[in-house]
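K.L.:
just coords:
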């Protein structure tokens, strides 16, 4: 499957390789149709692209430069807002196409439900897939107000695809009692509040295919207020940066996403800048981002 770079489209800084030569392909999933509190995450991918020009391609954290990688930004999907099933099918098709061409997809959301079809595509390519999940919320509800396709249920739907022992959650500090009981029954491995056990988890996952999903509200709202469901008590930026790049660098990551940036709730632009910088650092850490 071939995607062409539209020169009239603003791409993420330094991600202007052609599709054939790219090792990593970015795409946006601008969807917030099941948001349970404050909408606006549909504007996240475009904001991250536009504001990426406020940072550099070079990372002093890693001494690496996006200019030395082969990354393509294929733009946002045109999603039928109001039709959840068609939206999920379009995301799955894009992720599946990128994976079938031997490339690594990195999706910019959008609300967290967009992770479900990306995981479905990755599991079809890698049947023994596991998920590393950073989030304030467990997202393990069986339904939200009777609806099973909700961003509050995203990881529960992923569990239905992968089964027990394949989902590893970190930073969780919000959910209803049933979600925490579900995790305690051994269906998923949940670490509350922080990233302790991440080293042990990565050792257990060594060599196995991993999908990394980062809900940016794992950050404390003082560092990241621009999200639809802010939860006080989160991790600081540098802690998330270290954990995210560690997974991207050490695990066999075959797909990745960053979700739940809602730019309208942070007119200062700080939250979008956080999303930009984290996207850059993950791109530079992924094993798929080989030097040209």
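P.N.:
Perfect, thanks for sending it. A quick note: this is a predicted structure, and the numbers were derived from the prediction, not measured.
K.L.:
tell me how far the ends of stretch 142-149 are from each other?
P.N.:
9 Å (C-alpha to C-alpha, to the nearest Å).
K.L.:
before we move on, what about stretch 148-160?
P.N.:
Stretch 148-160 stretches 12 Å from its first residue to its last (C-alpha to C-alpha).
K.L.:
By neighbour count, which bits of that stretch are buried? Give me those.
P.N.:
Neighbour-count burial for stretch 148-160 flags 149, 150, 151, 152, 153, 154, 155, 156, 157, 158, 159 (criterion: 16 or more other C-beta atoms under 10 Å). Any C-beta I mention is one placed from the backbone N, CA and C, and that applies to glycine too.
K.L.:
Roughly how far does the first one sit from residue 156?
P.N.:
To tie it back to what came earlier, the one meant is residue 149. 11 Å (C-beta to C-beta, to the nearest Å).
K.L.:
try the second one
P.N.:
Distance of residue 150 to residue 156, computed by C-beta to C-beta: 9 Å.
K.L.:
Tell me which stretches of the protein form strands.
P.N.:
In the chain, the strands defined using DSSP state E lie at 24-29, 58-59, 64-65, 71-76, 104-109, 130-134, 167-172, 189-192, 209-215, 252-259.
K.L.:
now for those strands, which one comes closest to residue 244?
P.N.:
Residue 244 lies closest, by C-beta to C-beta, to one member of these: strand 209-215, at 6.1 Å.
K.L.:
What helices and strands are in contact with that closest one?
P.N.:
Applying 3 or more C-beta pairs under 8 Å, 6 or more residues apart in numbering; DSSP states H and E, one finds that strand 209-215 contacts helix 115-125, strand 130-134, helix 237-250, strand 252-259, helix 270-285.
K.L.:
mind putting the strands of the chain in JSON lines, mean neighbour count and mean pLDDT included?
P.N.:
Compiled in JSON lines, those are given as follows (neighbours: other C-beta atoms under 10 Å; pLDDT from 0 to 100):
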{"stretch": "strand 24-29", "mean neighbour count": "26", "mean pLDDT": "98"}
{"stretch": "strand 58-59", "mean neighbour count": "17", "mean pLDDT": "98"}
{"stretch": "strand 64-65", "mean neighbour count": "17", "mean pLDDT": "97"}
{"stretch": "strand 71-76", "mean neighbour count": "24", "mean pLDDT": "96"}
{"stretch": "strand 104-109", "mean neighbour count": "26", "mean pLDDT": "98"}
{"stretch": "strand 130-134", "mean neighbour count": "25", "mean pLDDT": "98"}
{"stretch": "strand 167-172", "mean neighbour count": "25", "mean pLDDT": "98"}
{"stretch": "strand 189-192", "mean neighbour count": "19", "mean pLDDT": "98"}
{"stretch": "strand 209-215", "mean neighbour count": "25", "mean pLDDT": "98"}
{"stretch": "strand 252-259", "mean neighbour count": "24", "mean pLDDT": "98"}
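K.L.:
Export those strands to TSV and append columns for distance to residue 235.
P.N.:
Below are the strands of the chain laid out as TSV (distance: least, C-beta to C-beta, whole Å):
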stretch	distance to residue 235
strand 24-29	24
strand 58-59	20
strand 64-65	23
strand 71-76	26
strand 104-109	19
strand 130-134	8
strand 167-172	6
strand 189-192	11
strand 209-215	11
strand 252-259	15
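K.L.:
With respect to residue 143, which of the ones you listed lies nearest?
P.N.:
strand 167-172 (18.1 Å).
K.L.:
which residues does the closest residue in space to residue 82 that isn't next to it in sequence contact?
P.N.:
For residue 82, the nearest residue in space outside its immediate sequence neighbours is residue 33; the separation is 6.6 Å by C-beta to C-beta, 6 or more residues apart in numbering. Contacts were defined as C-beta atoms under 8 Å, 6 or more residues apart in numbering; by that measure residue 33 touches 81, 82, 84, 87, 111.
K.L.:
swap the cut-off to 10 Å and go again
P.N.:
Residue 33 makes contacts with 39, 41-42, 79-84, 87, 110-111, 113-114, 149-151, as judged by C-beta atoms under 10 Å, 6 or more residues apart in numbering.
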